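Asks: requesting a structural model of the entry that follows:
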Amino acid sequence: MMRTKHKANQKSSIDRRTFVKLLPAAGAAGLAISELPLSALAQTPTPTPTPSPRPSPTPMRINRDMLHDAERLIGIELTEKQEDMALPGVNRNLDSYEAIRKVDVPLDTEPATSFHPAQPGFHIKRAATKTKFRFGKNEAAQFKSVDDLAFATVPQLAELIRTKKISSVELTKMYLGRLKRFGPKLLCIVTLTEELAMKQAQDADNDLKRGKYRGPLHGIPWGAKDLFATKGIKTTWGAEPYRDQMIDYDATVVERLRDAGAVLVAKLSMGALAQGPKWFGGVTRNPWVPDEDRQGSSGSSAGPASATAAGLVGFSIGTETLGSIVSPSSRCGVTGLRPTYGRVSRYGAMGLSWTMDKIGSICRGVEDCAAALDAMYGPDDRDLTVGDAPFNWSADVPLSKLRIAYLKTEFEGAGFQSQNEQQRQLQEQRKAMYKAALDALEQAGVKMTPIELPKFPSQNIRFILTAEAATAFDDITRDGRVNQLSGQDAGDWPNSFRTSRFVPAVEYLRAQRARMLLMREMDKLMMQWDVFVSPAPGSASLLITNLTGHPAVCVPCGFLDVPGGANNPALQHLPQSIMFTGGLYDEASPLRVALAFEQATKWHTMHPKVDWA
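Replies: The predicted structure is shown next:
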């Protein structure tokens with residue numbers, strides 16, 4: 001229908017641009033009318049009316065022109081009569097928005113909803129009894145001094161500590177020394193926890209003398225991504241507004257690793273508010289190319305991956321929302337485990353996306369990751385999303401018992417268009433590397449069937465993440481503190497937070513409903529397979545499984561000559577990874593196949609030459 005133009009002299013209290021900033025979803029929100037209870041109305045005395053001048057109506061801050069402009073954003077078209085009816089409610093909603101913004105909502109407060117990755121009727125595999133964690137067969141570490149153990153795996157270090165061939169104090173001093181020497185070059189350390197570490201190491205040694213052995217992490221030094229709360233120690237989230245933040249309790253992960261006897265030696269860098277490798281201290285570097293900005297440690301668990309790859313910690317703990325364990329682990333040539341969503345409590349961890357955040361480990365070996373998960377998983381009565389599902393690791397499960405598939409077209413690079421000769425050569429390198437990796441799996445006894453992922457527009461619902469992130473950091477977006485972040489480009493959080501305020505509530509919830517359809521499709525797929533294999537991190541499965549909550553482990557599988565940055569365009573010889581994805585609450589199956597690959601290859605034994613001053 002033709003719309004009549006409003007008079008040019010029509011006035012309003014705010015202009016259209018201001019309105020669009022204030023109203024993320026005017027037409028999508030329900031009418032929020034504040035009413036007294038009927039009982040209260042019945043008890044309210046009615047005064048005798050007296051003649052008085054009729055008050056002039058309060059001018060509406062949102063007028064019809066503004067509402068019409070907003071309709072284009074939210075995808076509806078109202079008639080003028082419908083707009084007139086909606087305007088009073090829209091204005092009341094604006095009052096409600098402003099009132100709620102004044103409520104002090106602590107940053108660790110989650111929405112009153114919970115996301116669960118399992119479909120109704122999902123059957124969790126349960127063993128008759130919880131088995132005691134034990135490693136498979138591992139080669140003993142050869143060393144002349146404790147310094148030779150910098151790149152040893154957790155199984156190797158654990159055996160040396162258990163048999164008292166080294167002490168936790170010796171090991172802790174060695175890693176603290178390496179953190180001090182090499183950490184500044186890599187920009188991977190936010191806070192050294194030296195005093196706490198030495199106390200925990202001494203406690204571990206004392207326990208062992210008394211015959212108390214806490215398990216495979218006893219006395220092993222570890223580093224935490226700096227989004228885990230640590231009482232009495234700064235937790236900066238890598239971001240300028242929080243660089244002096246002190247939280248007065250320990251995260252569940254910190255508590256459980258302490259109880260397992262592990263020794264916290266450092267809070268490690270993360271991309272500001274869990275995005276990329278850039279934090280207020282700089283860009284975390286990749287120890288394979290420590291002078292190269294462009295080939296940094298990736299993100300956002302940049303510090304854990306860099307420190308683990310450089311032999312500065314025994315193992316580390318990070319988080320993933322959309323690749324933040326897999327990507328830096330792949331970039332730095334280490335092993336990363338992203339468990340099932342709801343496997344490890346997020347209590348005390350910075351919330352970015354409440355329905356996608358997951359906590360996992362970054363290590364130098366597959367069984368290192370298994371040991372860390374065994375210490376961390378399970379309900380804590382704080383994070384209501386954590387499922388009560390067992391984790392029974394066995395390195396001896398016959399591969400013939402597992403149904404294993406692979407994403408054939410992704411390994412072949414289908415759809416990749418070479419733009420120039422250098423890219424063509426890189427693609428040929430990639431295909432040859434992954435062919436060798438798949439051949440190694442087959443020679444190890446892994447039988448694989450080619451499959452395809454469900455056809456689903458998963459890219460179109462990834463805004464779930466940014467909408468939730470914008471909600472988590474709404475306060476600093478509105479009060480301007482977000483402008484303190486060093487990253488202020490179009491792809492950085494400040495712009496994403498501001499942009500996501502324009503996501504209507506209806507569209508967010510529709511995306512969550514569409515997400516359920518994707519979860520059902522993945523459920524059908526994983527009913528047929530225990531594990532599927534893919535490249536990492538350039539697999540479409542990375543986004544899909546982060547949305548559906550499935551676990552994955554990536555391990556190094558070779559090297560490629562990748563172009564460097566503008567300041568150093570020479571080719572860089574960098575590690576690459578292969579990824580194993582499993583069913584919900586079944587990390588043991590992908591870990592078992594990853595272990596078979598690790599045992600059949602040498603890539604996990606290759607480490608960067610860390611010898612700079």
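Asks: show me where the stretch 501-613 of the chain has strands.
Replies: Using DSSP state E, counting those that start in this stretch, the strands of the stretch 501-613 of the chain run over 531-536, 552-563, 571-582.
Asks: for Ser168, which of the ones you listed is the nearest?
Replies: Across the strands of the stretch 501-613 of the chain, Ser168 has its closest neighbour in strand 552-563 (27.1 Å, C-beta to C-beta). Yep, even glycine has a C-beta here, placed from its N, CA and C like the rest.
Asks: how about whichever helix or strand Met433 is part of: buried residues?
Replies: Remark: Met433 resides in helix 421-443, with elements defined by DSSP states H and E. By 16 or more other C-beta atoms under 10 Å, the buried positions in helix 421-443 come out as 426-427, 429-430, 433-434, 437-438, 440-441.
Asks: tell me the gap between that helix and the middle of its chain.
Replies: In terms of C-alpha atoms, centre = their mean, to the nearest Å, the centre of helix 421-443 is set 28 Å apart from its chain centre.
Asks: rewinding a little: any chance of the buried residues of helix 421-443 in a markdown table, plus distance to Leu87 and pLDDT?
Replies: A markdown table is the format used below for the buried residues of helix 421-443 (distance: C-beta to C-beta, whole Å; pLDDT from 0 to 100):
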| residue | distance to Leu87 | pLDDT |
| --- | --- | --- |
| Leu426 | 58 | 90 |
| Gln427 | 57 | 91 |
| Gln429 | 62 | 93 |
| Arg430 | 58 | 94 |
| Met433 | 62 | 97 |
| Tyr434 | 59 | 97 |
| Ala437 | 62 | 98 |
| Leu438 | 62 | 98 |
| Ala440 | 67 | 98 |
| Leu441 | 64 | 98 |
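Asks: take those and write them to CSV, including distance to Trp222.
Replies: Output for these, formatted as CSV (distance: C-beta to C-beta, whole Å):
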residue, distance to Trp222
Leu426, 35
Gln427, 38
Gln429, 35
Arg430, 33
Met433, 31
Tyr434, 32
Ala437, 29
Leu438, 33
Ala440, 30
Leu441, 30
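Asks: verify the stated contact: Asp383 with Arg346.
Replies: Yes: counting by C-beta atoms under 8 Å, Asp383 does reach Arg346; the two are 5.2 Å apart.
Asks: mind listing the shared neighbours of the two?
Replies: Listed as contacting both Asp383 and Arg346 by C-beta atoms under 8 Å, 6 or more residues apart in numbering are Thr252.
Asks: so between the two, which is more surrounded?
Replies: Neighbour comparison, Asp383 and Arg346: the larger count goes to Arg346, with 27 against 18 (by other C-beta atoms under 10 Å).
Asks: quick check: the more buried one touching Met376?
Replies: No: using C-beta under 8 Å, Arg346 makes no contact with Met376, being 11.0 Å away.
Asks: between those two, which contacts overlap?
Replies: When contacts are counted by C-beta under 8 Å, 6+ apart, Arg346 and Met376 have 252, 359 as shared neighbours.
Asks: gap between the most centrally placed residue in the chain and Leu407?
Replies: Nearest to the geometric centre of the chain sits Glu320, at 1.9 Å (C-alpha atoms, centre = their mean). Using C-beta to C-beta, to the nearest Å, Glu320 is found at 19 Å from Leu407.
Asks: ok, now Val334?
Replies: Distance of Val334 to Leu407, given as C-beta to C-beta: 22 Å.
Asks: of those two, who's got more company?
Replies: Legend: neighbour count by other C-beta under 10 Å for Val334 and Leu407, higher for Val334 (32 against 21).
Asks: which ones are touching that one?
Replies: For Val334, the contact set (C-beta under 8 Å, 6+ apart) comprises 305, 308-309, 362-364, 556.
Asks: with respect to Ser589, which of these is nearest?
Replies: Cys363 (18.2 Å).
Asks: okay, now that closest one: neighbour count?
Replies: Look at Cys363: counted by other C-beta under 10 Å, it has 30 neighbours.
Asks: give the contact list for the residue nearest to it when sequence neighbours are not counted.
Replies: With sequence-adjacent residues excluded and distances taken as C-beta to C-beta, 6 or more residues apart in numbering, Cys363 is closest to Phe315, at 4.5 Å. Phe315 sits next to 154, 220, 222-223, 308, 361-364, 368, 372 when contact means C-beta under 8 Å, 6+ apart.
Asks: chain center to stretch 596-604, what's the gap?
Replies: Offset of stretch 596-604 from its chain centre (C-alpha atoms, centre = their mean): 26 Å.
Asks: restrict it to CA atoms and write it as CSV.
Replies: The C-alpha trace of stretch 596-604 is given here as CSV (Å, rounded to 0.1, in the frame of the first residue of the first chain):
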residue,chain,number,x,y,z
ALA,A,596,46.6,-45.0,17.3
PHE,A,597,47.7,-42.2,14.9
GLU,A,598,50.1,-40.7,17.4
GLN,A,599,51.7,-44.1,17.9
ALA,A,600,52.1,-44.7,14.2
THR,A,601,53.7,-41.4,13.4
LYS,A,602,56.5,-39.1,14.8
TRP,A,603,54.9,-35.7,14.5
HIS,A,604,54.1,-35.3,18.2
